[in-house]
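Colleague: got a sequence here, can you build the structure:
(2 chains)
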Amino acid sequence: MTAINNSGAASQPSSGQMANVRFGVYTQPAPVSGKTVKDIREQFSKLWGIPSDAVAYKGKDKLDENYVVGPNDNLEFHRRAGEKG
Amino acid sequence: MTEQKRFVLVGAGGIGTWLADGLARLLEYKYPGSALVIVDGDNYEERNKERQSFTQMGNKAIATAHRLTQQFNDTTFIPVPKWVVDDNFAGVADEDSPKIKASSLISENDVVFAVVDNFAARKILFDAASELNNIDIFTGGNDDALFGSVYHYQRRDGYDITDHPVNNHPEYENPPDKNPGELSCQERASIEGGTQLLATNMAVAAFLLGRVQKTIVAKQSPDEAEIYFDLAIGKAEPYDRRPSLVSTVNN
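Modeller: Numbering: from 1, shown residues only, chains lettered A, B, ... in the order given. Below you'll find the predicted structure:
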């Protein structure tokens, strides 16, 4: 699956509006629209322990690090499922 | 006449033993006359007693079926002491490691529980389920500490009601581990089980039973098909994994 990259698009999403950021048990609406996946990863990585290689998704679509998050987007950093049993 | 079910439990270890007890009670009192198929090629060891419920040594499927048969009269427990492999498996199926193909194990209208401790074997079961029209397949696992997750893949009339997990999880797309059923006895013995905790094993089983109660017993939509939890901070988070989900926040 090719990662979505909207950098350089003619009309960039307006900045500072709310989007939903999620990682495992953590979820938080945050004013991150207009920021790239890379920027948001850096913002939340220490708080939630997001690994640097955690794939970013919007729905089923994998997102490029340069993807610019839009208002109301659901940005999910992939949390590996529990493995052992 | 009451409805009867066929549940298939793949894995009778840290999660599976606790889940087996819950599923047996559900079948016995809600769906009398039903069957619980228990599949596992592994054997119980003394060190398993710290986290797993068993009363005799030997093969896990046989021991668990024997234990439950003594407790429940209106449910049939069918042990399958084999490792699950995919249809393309070309290795040797010797007496020490008998195999069963996933497509031979599961069938239409089954409710399957894949609580094996590796992504490769779970993917084999999800892939086999994706060829069927009506099936529910639940999986769950935990990491070394107090984190765990469960997932419910449901198909009805040939369509995915919830996503195949390969669409949301790279570890299912390209499993980082190997299916124990495709390894030799020596290779299997070298696999580290990690430091698992009883509380997390039981919590995964409880979350799975909760999903069964909602989606199978009450027949409600499996909207929140995936749930992550962390017992350390007392938090659980559901994820909507319906294929048609529009990935924006509804304000």
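
Colleague: partners of residue A:26 in the sheet?
Modeller: residue A:23 (DSSP bridges).

Colleague: hmm, it is touching residue B:236, no?
Modeller: No: using C-beta atoms under 8 Å, residue A:26 is not in contact with residue B:236, being 11.3 Å away. (C-beta placed from N, C-alpha, C; glycine too.)

Colleague: so who does residue B:87 touch?
Modeller: B:101-103, B:128 (C-beta atoms under 8 Å, 6 or more residues apart in numbering or on different chains).

Colleague: just residue B:31 next, same as before
Modeller: By C-beta under 8 Å, 6+ apart, the contact set of residue B:31 is B:2-5.

Colleague: again with residue A:81
Modeller: Residue A:81 sits next to B:119, B:139, B:141, B:149, B:151, B:165, B:169, B:171-172, B:226 when contact means C-beta under 8 Å, 6+ apart.

Colleague: for chain A, state which of these is nearest.
Modeller: Of all the contacts of residue A:81, chain A sits closest to residue B:141, with 3.4 Å by C-beta to the nearest C-beta.

Colleague: burial count for the nearest residue to the closest one once chain neighbours are set aside?
Modeller: Excluding the flanking residues, the one nearest residue B:141 by C-beta to C-beta, 6 or more residues apart in numbering or on different chains is residue A:82, at 3.4 Å. Applying other C-beta atoms under 10 Å in any protein chain shown, we find 24 residues neighbouring residue A:82.

Colleague: give me the distance between residue A:82 and residue A:34.
Modeller: Distance of residue A:82 to residue A:34, given as C-beta to C-beta, to the nearest Å: 34 Å.

Colleague: neighbour-wise, give me the winner out of the contacts of residue A:81.
Modeller: Compared across the contacts of residue A:81, residue B:139 has the highest neighbour count, 31 neighbours, by other C-beta under 10 Å.

Colleague: quick check: phi and psi at the nearest residue to that residue once chain neighbours are set aside.
Modeller: Once flanking residues are discounted, residue B:139 sits nearest to residue B:114: 4.3 Å by C-beta to C-beta, 6+ apart. Note on residue B:114: its backbone torsions stand at phi -100, psi 90 [degrees, to the nearest 10].

Colleague: contacts only, for residue B:114.
Modeller: Taking C-beta under 8 Å, 6+ apart, we find residue B:114 in contact with B:10-11, B:121-122, B:125-126, B:137-139.

Colleague: residue 55 - how many residues pack around it?
Modeller: Just so you know, I chose chain A. Residue A:55: 17 neighbours (other C-beta under 10 Å).

Colleague: I was after chain B.
Modeller: Residues lying near residue B:55 (other C-beta under 10 Å) number 10.

Colleague: my read: it touches residue B:65, true?
Modeller: No: Residue B:55 is beyond contact range of residue B:65, at 12.0 Å (criterion: C-beta under 8 Å).

Colleague: can you dump the C-alpha coordinates of the host helix or strand of residue B:20 into CSV?
Modeller: Taking DSSP states H and E as the criterion, the element that holds residue B:20 is helix B:16-30. Output of helix B:16-30 as CSV, limited to C-alpha atoms (Å, rounded to 0.1, in the frame of the first residue of the first chain):
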residue,chain,number,x,y,z
GLY,B,16,-6.9,-20.1,26.4
THR,B,17,-7.3,-22.0,29.6
TRP,B,18,-9.2,-19.1,31.2
LEU,B,19,-11.2,-18.5,28.1
ALA,B,20,-12.1,-22.2,27.8
ASP,B,21,-13.8,-22.1,31.2
GLY,B,22,-15.9,-19.1,30.2
LEU,B,23,-16.8,-20.4,26.8
ALA,B,24,-17.8,-23.8,28.3
ARG,B,25,-20.1,-22.1,30.8
LEU,B,26,-21.6,-20.0,28.0
LEU,B,27,-22.3,-23.0,25.8
GLU,B,28,-23.5,-25.2,28.7
TYR,B,29,-26.1,-22.7,30.0
LYS,B,30,-26.9,-20.6,26.9
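
Colleague: and which of the contacts of residue B:87 is nearest to chain A?
Modeller: Closest to chain A, out of all of the contacts of residue B:87 and judged by C-beta to the nearest C-beta, is residue B:102, at 17.4 Å.

Colleague: any idea what sits nearest the closest one, other than its immediate chain neighbours?
Modeller: residue B:128 (3.7 Å).

Colleague: now the one you found: how far from residue B:50?
Modeller: Note on residue B:128: its distance to residue B:50, by C-beta to C-beta, is 32 Å.

Colleague: higher neighbour count, the two?
Modeller: Taking neighbours as other C-beta under 10 Å, residue B:128 and residue B:50 compare with residue B:128 leading, 22 against 10.

Colleague: identify the residues contacting residue 75.
Modeller: You didn't say which chain, so I picked chain A. Residues near residue A:75 by C-beta under 8 Å, 6+ apart: A:19-22, A:32, A:37, A:40, A:56-58, A:63, A:69.

Colleague: let me rephrase: I mean chain B.
Modeller: Applying C-beta under 8 Å, 6+ apart to residue B:75 gives the contacts B:24, B:27-28, B:32-36, B:68.

Colleague: sec struct for the residue nearest to residue B:102, please.
Modeller: Secondary structure, DSSP: H, G, I helix; E, B strand; the rest coil: residue B:128 is helix.
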